[in-house]
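Colleague: let me see the structure of the following:
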Amino acid sequence: MSGLEILSLIVTIICLVSFSFVFTILFRSYYKNAEEGVNNGKEDLLLLQELVEEEEKKSSKWAQVKNVGGKIISYSLLALVVVFFGFSLAARISNTPLLFGETGTLVISSPSMSEKNTVNTYLWTYDLNDQLDTYDLIGVERIHSPEEIELYDIIAFRANDGRTIVHRVIDISKIDGEYFFRTKGDANRLEDAGDLYGDYLAYQDILAKYNEFRVPVIGVFVIFLQSGAGIATIFSLIYCYLMYGYFRKRLDKAIEERSEYLVSTLSFVAKDKETPAYIEEKEEILYKEEKYLFVEGKFIEKSAASEEEITRFTASSEEEEKEETENFIQKLLHKFRKEDDQDEKE
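Modeller: Below is the predicted model:
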């Protein structure tokens, strides 16, 4: 790596570490407050409502399909990222085409095969229009003998400097029973001989042959994931995902325990949609004409609610709903007035 590449990698790692640190602080603070709110009984009414909604979802086939479909999509995307990362990492370590059995893939990382140079007249003579663009992901197949390589085939070979090169065969010679090859990029003016492998390319340096499978552009992701910055990015994302899962699991556990506590204390039945629950100051819950007192999330006592208390709870709940509706309407009217004023100005 050059000095500039090393500096770029260091800056990338510093940025990713800083991002992960800030991400951790924000999520820890958010989930810690949410967990404390659940444990202290501040979300009791919401939890009861969610129990009713969950019961409705269980009886809805469409909700079940959406739930299963969402999980399949999320796990598929995660599997795709893992496969891409594994593929990229293995390709970087081996520095060769990844062959699985007889076939494999590699990425075109230069424009040397992207167009026809006018000096390469054989491209027009033999109607060779299989050029490869930078960042193409191409398929290759294993070669078992030099006789399988024909003139003007596109091959992948290892150069003297260790790079994997994908160029076209423009000459095949057989000397004392041994095959020698010469190659050239379609966009290049000069042959590879004398630069990448000496006078001729030996058969043992040929890695694979292009099998005409090609996917444009997608190779850019593979090349990024092969880079130091790409590897650092993936590990940062994995860390954030695991950290998010840890805090989310703690909150889910708190919600589950609090929900079970409320159900057992109130004898709450999620299927009973005709008997709503009301809450006042997030300390007293009215359910089935019974008043339950909680202090800092702990159940203190249960008592029969008077008619006056039932009326007060119900009115309070209706007043909150009315206030929310009025606020929403006011926001809409404000928005429409702004749009009208803007139209008049124009």
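Colleague: going forward, measure contacts and count neighbours with C-alpha atoms only.
Modeller: Fine.
Colleague: show me what contacts the nearest residue to Leu201 once chain neighbours are set aside?
Modeller: In space, and not counting its chain neighbours, Leu201 is closest to Phe181: 4.9 Å by C-alpha to C-alpha, 6 or more residues apart in numbering. Counting by C-alpha atoms under 8 Å, 6 or more residues apart in numbering, Phe181 makes contact with 169-173, 200-203.
Colleague: from the residues you listed, which ones fall inside helices?
Modeller: Applying DSSP state H to those, no entry is found in helices.
Colleague: that's a strand at the residue nearest to Leu201, yeah?
Modeller: Yes. Counting by DSSP: H, G, I helix; E, B strand; the rest coil, Phe181 falls inside a strand.
Colleague: quick one: pLDDT of it?
Modeller: pLDDT recorded at Phe181 is 96.
Colleague: just Phe19 next, same as before
Modeller: 83.
Colleague: what's the neighbour count on it?
Modeller: A total of 13 residues lie near Phe19 under the criterion other C-alpha atoms under 10 Å.
Colleague: if I look at it, how far off is Tyr246?
Modeller: 18 Å (C-alpha to C-alpha, to the nearest Å).
Colleague: from Ala156, how far out is the residue nearest to Leu201?
Modeller: Taking C-alpha to C-alpha, one finds Phe181 at 12 Å from Ala156.
Colleague: so what's in contact with the two at the same time?
Modeller: By C-alpha under 8 Å, 6+ apart, no residue touches both Phe181 and Ala156.
Colleague: how's this structure carved up into domains?
Modeller: In terms of domains, the chain is parsed into 3-94+227-266, 98-219, 278-345 (source: automatic domain parsing).
Colleague: comparing those domains by mean pLDDT, which bottoms out?
Modeller: domain 278-345 (a mean of 70).
Colleague: tell me the secondary structure for Ser29?
Modeller: Three-state assignment for Ser29 (three-state DSSP): helix.
Colleague: and the top strand by length along the chain, what does it pack against?
Modeller: The residue-count maximum for a strand in the chain (DSSP state E) belongs to strand 164-175. Strand 164-175 sits against strand 154-158, strand 178-184, with contacts defined as 3 or more C-alpha pairs under 8 Å, 6 or more residues apart in numbering; DSSP states H and E.
Colleague: can you pull out the helices in the protein?
Modeller: According to DSSP H, the helices that the chain contains are 3-39, 44-58, 61-94, 122-125, 219-226, 228-266, 307-345.
Colleague: the first one - contacts with which helices or strands?
Modeller: Packing partners of helix 3-39 (3+ C-alpha pairs under 8 Å, 6+ apart): helix 228-266.
Colleague: and the nearest residue to Ile13 once chain neighbours are set aside, how far from Lys71?
Modeller: Leaving aside its sequence neighbours, Ile13 sits nearest to Ala232 (C-alpha to C-alpha, 6+ apart; 6.4 Å). Distance, Ala232 to Lys71, using C-alpha to C-alpha: 27 Å.
Colleague: now swap in Val11 and tell me
Modeller: 36 Å.
Colleague: hang on, the earlier thing: quick one: which of the helices and strands packed on strand 164-175 is nearest Leu207?
Modeller: Comparing the helices and strands packed on strand 164-175 by their distance to Leu207 (C-alpha to C-alpha), the top pick is strand 154-158, with 5.0 Å.
Colleague: just want the angle from that closest one to strand 178-184.
Modeller: 100 degrees (axes from the mean of the first three to the mean of the last three C-alpha atoms, to 10 degrees).
Colleague: what does strand 154-158 rub up against?
Modeller: 164-169, 205-210.
Colleague: can we see that at 10 Å?
Modeller: 95-97, 106, 113, 130-132, 140-141, 143, 149, 163-170, 183-185, 196-197, 201-212 (C-alpha atoms under 10 Å, 6 or more residues apart in numbering).
Colleague: partner strands of that strand, with direction?
Modeller: strand 164-175 (antiparallel), strand 206-215 (antiparallel) (DSSP bridges).
Colleague: identify each buried residue in the shortest one, please.
Modeller: Going back to what we said before, that points to strand 206-215. The neighbour-count check on strand 206-215 (16 or more other C-alpha atoms under 10 Å) flags 206-211, 214 as buried.
Colleague: again with the first one
Modeller: With burial defined by 16+ other C-alpha under 10 Å, the residues of strand 164-175 counted as buried are 164-170, 172.
Colleague: format those residues as TSV; extra columns: distance to Ser60.
Modeller: Converted to TSV, these look like this (distance: C-alpha to C-alpha, whole Å):
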residue	distance to Ser60
Thr164	55
Ile165	57
Val166	55
His167	58
Arg168	60
Val169	62
Ile170	66
Ile172	68
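Colleague: show me which of these is closest to Gly41.
Modeller: Nearest member of those to Gly41, counting by C-alpha to C-alpha, is Thr164, at 63.1 Å.
Colleague: what about Ile234, neighbour count?
Modeller: 16.
Colleague: next up, the contacts around it.
Modeller: By C-alpha under 10 Å, 6+ apart, the neighbours of Ile234 are 16, 81-82, 85, 225, 240.
Colleague: just to revisit the earlier point, and the residue nearest to Leu201, what are its bridge partners?
Modeller: Under the criterion used (DSSP bridges), Phe181 bridges to Ile172, Leu201.
Colleague: then Phe294?
Modeller: According to DSSP bridges, beta-bridge pairing links Phe294 with Phe299.
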